[in-house]
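Peer 1: prediction below, plus the sequence it came from.
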Amino acid sequence: MIAGPFWWRMGYSSRFRAGLQLTAVLSLLALLAVRDPNNSGSYPTCPFRLISGGLLCPGCGSMRMLYAVIHGQLLEAVRLNPFAFVFLPLLGWLVLGLVVTVFFGQRLAPLRARTGIIWLFFVTIIIYTALRNVFPWLTSA
């Protein structure tokens, strides 16, 4: 049996699944375009920040960073979360892959990473999280 959400197990086509994913991504980006995360109470607080007593996770500031990118404020976006900003091309590649699958029925070449690169990514996340909590002036999340 295939693991995953019910639409994977129900045998829906890859175009349909990609369409659902693309709709979800575009809906979230549209919501983010019109609803400013800088306003208090616009979105829920980061669960990690609540549980840890105020520590910043690697993703803290990402929503405000995406809001700044959508509104063309790239320097502000880098200031809010430089780590997440670096990975925007990867997000763009994933969304492009969904678009190609939905409209053309083809798949883009999958991104492959060696095990060492994946470990380096996780170590970088840990170091970035530690640094942004020790030196709060690194980012303004």
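Peer 2: Looks like it arrived, so ask away. Here the structure is a predicted model, which means the values were calculated and not measured.
Peer 1: by mean pLDDT, point me to the weakest helix or strand of this structure.
Peer 2: helix 6-9 (a mean of 52; mean pLDDT, DSSP states H and E).
Peer 1: show me what stretch 74-85 is in contact with.
Peer 2: Here stretch 74-85 makes contact (CB atoms under 8 Å, 6 or more residues apart in numbering) with 58-62, 64-66, 68-69, 124-125, 128, 138-141. C-beta: built from backbone N, CA, C; applies to glycine.
Peer 1: kindly provide the distance from Val99 to Ser27.
Peer 2: In this view, Val99 and Ser27 are 15 Å apart by CB to CB, to the nearest Å.
Peer 1: hmm, back to that, which among the contacts of stretch 74-85 count as buried?
Peer 2: Among these, those buried by neighbour count (16 or more other CB atoms under 10 Å) are 58-62, 64-66, 68-69, 128, 139, 141.
Peer 1: among those residues, which are in helices?
Peer 2: Members of these lying in helices (criterion: DSSP state H): 62, 64-66, 68-69, 128.
Peer 1: as a markdown table, those residues with pLDDT and distance to Gly92 would be great.
Peer 2: Shown next, in a markdown table, are these (pLDDT from 0 to 100; distance: CB to CB, whole Å):
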| residue | pLDDT | distance to Gly92 |
| --- | --- | --- |
| Ser62 | 92 | 15 |
| Arg64 | 93 | 19 |
| Met65 | 94 | 14 |
| Leu66 | 94 | 12 |
| Ala68 | 95 | 16 |
| Val69 | 95 | 10 |
| Tyr128 | 92 | 21 |
